[in-house]
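Colleague: just to be clear, the model below is a prediction. Sequence and coordinates:
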Amino acid sequence: MVKGVRFKNLRDAGDPAECAGAHARDGADEIVLLDITATSGNRRTLLDAIRRTARSLFVPFTVGGGIRQLEDAAAVFDAGADKIAINSAAVRDPALIGRIARRFGSQAVVVAIDARNVNGRFEVFAAGGREPTGREAIQWAWEAAACGAGEILLTSMDRDGTQSGFDCQLVRAVAEAVTIPVIASGGAGSARDFIKVFRDGRADAALAASIFHFGIENIAQLKRELHDASVPVRWPC
Amino acid sequence: MIAIVNYGAGNLNSVKKAFDYIGADVLVTARPETVASADKIVLPGVGHFSSLQALDRTGLREALLQSASAGNPFLGICLGMQWLFEGSEECIEVAGASIFPGKCRHFPSSVKSPHVGWNSLAVQEGSRLLRGIAQESFVYYTHTFYAPIVTEIAAASEYGLRFAGAVERDTIFGVQFHPEKSGDVGLSILKNFCEV
């Protein structure tokens, strides 16, 4: 498992199955495993990692990366994921969202959107942030929801790994444009950032990686602070 | 032996995995004969209410109803709980088991649908399924339609309105949330079911 900064400078963050279990014990409400290299060669490695992770994980488990067609999604569900996250493949073929949703239900389909502020406009990037798509993030989120997505996982590429706070402007614009839950991602650095993204960003959920993997913020302590700030959160857990 | 009924709706692996984890003897089956011979039955399911039609086609409906009325403990999860009601607005052509009164309805437009995430339970005293579960314990939900509050409510949750989180009559139980995805609280509920 690795974690980067703005999608680059990846550093090793440990074994996914072990980390997932540890985070769940610490109070994580959901585990998201993203295969950010997602080459066809390591599919078997990914499926094996999903199986090992899912075995003793009893919170929702979402897996993304490299899902290009219905069969890929089916293999990931079969290995033990509760939800799949699709990104580039959905941009290329939005009808894929509906195909997976019809077979496995909308609740199992998360559309992941990586967006970057380009001259004041939030543009969607595909292929792990390498390819500009020309699409506008808010419009794309709305379209993905209309196609049958159950949730949006929205990552600010500008904030990813920086621990400088979520992009509340981006999150709020998307959260107000769709009627499905929006998970904010990218930039979490402190409990205050989470409180801000729930209040100002109107996020339905928030995801963090760096601060949890590297032990900067303790999940239980974070949730306690959210609870004390009257943010509805599973506490105690 | 506990039979987990496979009628093609959703991921049964996670339900089986949770029962395996607590050491229960479970079997995933689509055969009415196996269901009829099981000591306990779990009817899981996520997705559209119409997928419950498969129970009618395959003879599973009769096997389930006979077993439950003979007093074998029955646990419906999510769509499996909704089946215990009369039906759902989601698909009016498919009849539920009518063990509990009322129909499942869509959440009001004042809240985001589906209702996804952790929510707390107002637990009714005396529930066998929720024995030892603390008031306001959090469980994981993912659903668009909700079952109404009935007299046999075991726990209620709130999302835009109060709805049935769990129902219970004798040895027939239903939970709208996913105990197999609700951490230690969920595993305790499954253990309670095993011990009924």
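Modeller: Arrived safely, thanks for sending.

Colleague: now the strands for chain B?
Modeller: For chain B, the strands defined by DSSP state E cover B:2-5, B:26-29, B:40-43, B:74-77, B:87-88, B:103-106, B:115-120, B:122-123, B:138-143, B:145-146, B:153-158, B:162-169, B:172-175.

Colleague: who in chain A is up against chain B?
Modeller: Residues of chain A lying near chain B by CB under 8 Å from any CB of the partner chain: A:24, A:29, A:54-56, A:58-60, A:77-78, A:80, A:82, A:104-108, A:150-151, A:179-181, A:204-205, A:234-235, A:237. Just so you know, the C-beta spots here come from the backbone N, C-alpha and C atoms, and that holds for glycine as well.

Colleague: circling back: as JSON lines, the strands of chain B with distance to A:I67 and mean neighbour count would be great.
Modeller: Shown next, in JSON lines, are those (distance: least, CB to CB, whole Å; neighbours: other CB atoms under 10 Å in any protein chain shown):
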{"stretch": "strand B:2-5", "distance to A:I67": "27", "mean neighbour count": "24"}
{"stretch": "strand B:26-29", "distance to A:I67": "25", "mean neighbour count": "18"}
{"stretch": "strand B:40-43", "distance to A:I67": "29", "mean neighbour count": "25"}
{"stretch": "strand B:74-77", "distance to A:I67": "26", "mean neighbour count": "28"}
{"stretch": "strand B:87-88", "distance to A:I67": "30", "mean neighbour count": "22"}
{"stretch": "strand B:103-106", "distance to A:I67": "29", "mean neighbour count": "17"}
{"stretch": "strand B:115-120", "distance to A:I67": "20", "mean neighbour count": "21"}
{"stretch": "strand B:122-123", "distance to A:I67": "39", "mean neighbour count": "18"}
{"stretch": "strand B:138-143", "distance to A:I67": "19", "mean neighbour count": "24"}
{"stretch": "strand B:145-146", "distance to A:I67": "27", "mean neighbour count": "24"}
{"stretch": "strand B:153-158", "distance to A:I67": "32", "mean neighbour count": "20"}
{"stretch": "strand B:162-169", "distance to A:I67": "32", "mean neighbour count": "23"}
{"stretch": "strand B:172-175", "distance to A:I67": "30", "mean neighbour count": "26"}
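
Colleague: redo the ones you listed as TSV? Include distance to A:E18.
Modeller: Putting the strands of chain B into TSV (distance: least, CB to CB, whole Å) gives the following:
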stretch	distance to A:E18
strand B:2-5	29
strand B:26-29	27
strand B:40-43	30
strand B:74-77	29
strand B:87-88	41
strand B:103-106	40
strand B:115-120	24
strand B:122-123	34
strand B:138-143	22
strand B:145-146	37
strand B:153-158	33
strand B:162-169	33
strand B:172-175	30
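
Colleague: A:F194: which of the ones you listed is closest?
Modeller: Within these, the stretch nearest A:F194 is strand B:115-120; the backing value is 14.9 Å (CB to CB).

Colleague: just the buried residues from the residues of chain A next to chain B, in ChimeraX please.
Modeller: This is the ChimeraX syntax for the buried subset of the residues of chain A next to chain B, where burial follows 16 or more other CB atoms under 10 Å in any protein chain shown:
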select /A:24,29,54,58,59,60,77,80,82,104,105,106,107,108,150,151,180,181,204,205,234,235,237
